[in-house]
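# return a 3D structure for these sequence lines:
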Amino acid sequence: MKTLTPEQRRVAAQKGKETRRRNIALRKEKQAQLELERNSVYQELVALKAQLNALKAESLLYSEVASLSQDTFLREHEIVQSAKQYEISGIYFLVKDKKVVYVGQSVSVLRRIGTHVYKEFDSFAFVPCDQSLLDRLESLYIHLLRPPLNGEYASGTKISPIPLSKVFQGIVQDNPDR
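Numbering: from 1, shown residues only. A predicted model of the protein is given here:
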């Protein structure tokens with residue numbers, strides 16, 4: 001530097017200052033980028049820890065349920081696969097004290113049973129049936145079981161969609177071999 005003129009020294013010093021400023025700015029930029037990456041990795045770690053904790057909790061729940069239900073625990077996809085259709089057509093029976101107290105029919109048995117809040121019963125059963133046979137099958141059960149909550153005519157005959165005398169006529173006409 002001794003051989004440089006004062007002007008050249010000033011220019012060299014100015015260049016040195018600019019280089020140092022650039023280097024400082026680059027270091028700060030790299031630190032900021034590293035900080036962003038560190039935060040990103042930290043966020044990912046937090047998310048993974050949360051997933052791990054959720055899986056541990058789920059595993060604990062599954063083993064607890066399995067122990068309560070004799071090692072039978074269904075996963076959601078197994079439940080969905082085994083689900084039955086909600087709309088079941090058939091004849092249903094309301095039962096109280098092990099006696100059939102009412103016989104009815106519906107194209108949606110489970111929904112229909114829920115509407116019988118005014119009838120006293122402690123359980124129910126149903127027989128799936130094609131819609132075209134509902135009247136005939138319900139009539140047969142009403143005439144056979146004579147449930148007390150189904151209506152009666154003054155003669156004591158149970159009210160049903162098809163009178164007993166006509167129920168068998170339909171069967172004989174449909175099946176001449178009988």
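
# got the phi and psi for residue 91?
phi -100, psi 130 (degrees, to the nearest 10).

# looks like it contacts residue 139 (just checking).
No - taking contacts as C-beta atoms under 8 Å, residue 91 lies outside contact range of residue 139: 9.8 Å. Yep, even glycine has a C-beta here, placed from its N, CA and C like the rest.

# in the protein, which helix is the longest?
As assigned by DSSP state H, the longest helix anywhere in the chain is helix 6-68.

# what about that one, distance to the chain center?
Relative to the chain's own centre, helix 6-68 is displaced by 41 Å; criterion: C-alpha atoms, centre = their mean, to the nearest Å.

# swap in stretch 116-132?
In terms of C-alpha atoms, centre = their mean, the centre of stretch 116-132 is found 25 Å from the chain centre.

# show me what it is in contact with.
For stretch 116-132, contacts defined as C-beta atoms under 8 Å, 6 or more residues apart in numbering pick out 88-97, 101-102, 104-105, 107, 109, 113, 137, 149.

# one more time with 7 Å, if that's ok
The contact list for stretch 116-132 (C-beta atoms under 7 Å, 6 or more residues apart in numbering) reads 88-96, 101-102, 107, 109, 113, 137, 149.

# alpha carbons only: can I get that stretch in PDB?
Output in PDB follows, covering the C-alpha atoms of stretch 116-132 (Å, rounded to 0.1, in the frame of the first residue of the first chain):
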ATOM      1  CA  HIS A 116     -94.100 -46.300  17.700                       C
ATOM      2  CA  VAL A 117     -93.300 -44.200  20.800                       C
ATOM      3  CA  TYR A 118     -96.900 -44.500  21.900                       C
ATOM      4  CA  LYS A 119     -96.900 -48.300  22.000                       C
ATOM      5  CA  GLU A 120     -95.400 -50.200  24.900                       C
ATOM      6  CA  PHE A 121     -92.700 -52.700  23.900                       C
ATOM      7  CA  ASP A 122     -89.300 -53.700  25.100                       C
ATOM      8  CA  SER A 123     -87.800 -55.300  22.000                       C
ATOM      9  CA  PHE A 124     -88.500 -55.900  18.300                       C
ATOM     10  CA  ALA A 125     -87.800 -58.300  15.500                       C
ATOM     11  CA  PHE A 126     -88.400 -58.200  11.800                       C
ATOM     12  CA  VAL A 127     -88.600 -60.400   8.800                       C
ATOM     13  CA  PRO A 128     -87.200 -59.000   5.500                       C
ATOM     14  CA  CYS A 129     -89.800 -59.200   2.800                       C
ATOM     15  CA  ASP A 130     -90.200 -58.100  -0.800                       C
ATOM     16  CA  GLN A 131     -92.500 -55.100  -1.000                       C
ATOM     17  CA  SER A 132     -95.000 -56.900  -3.300                       C
END
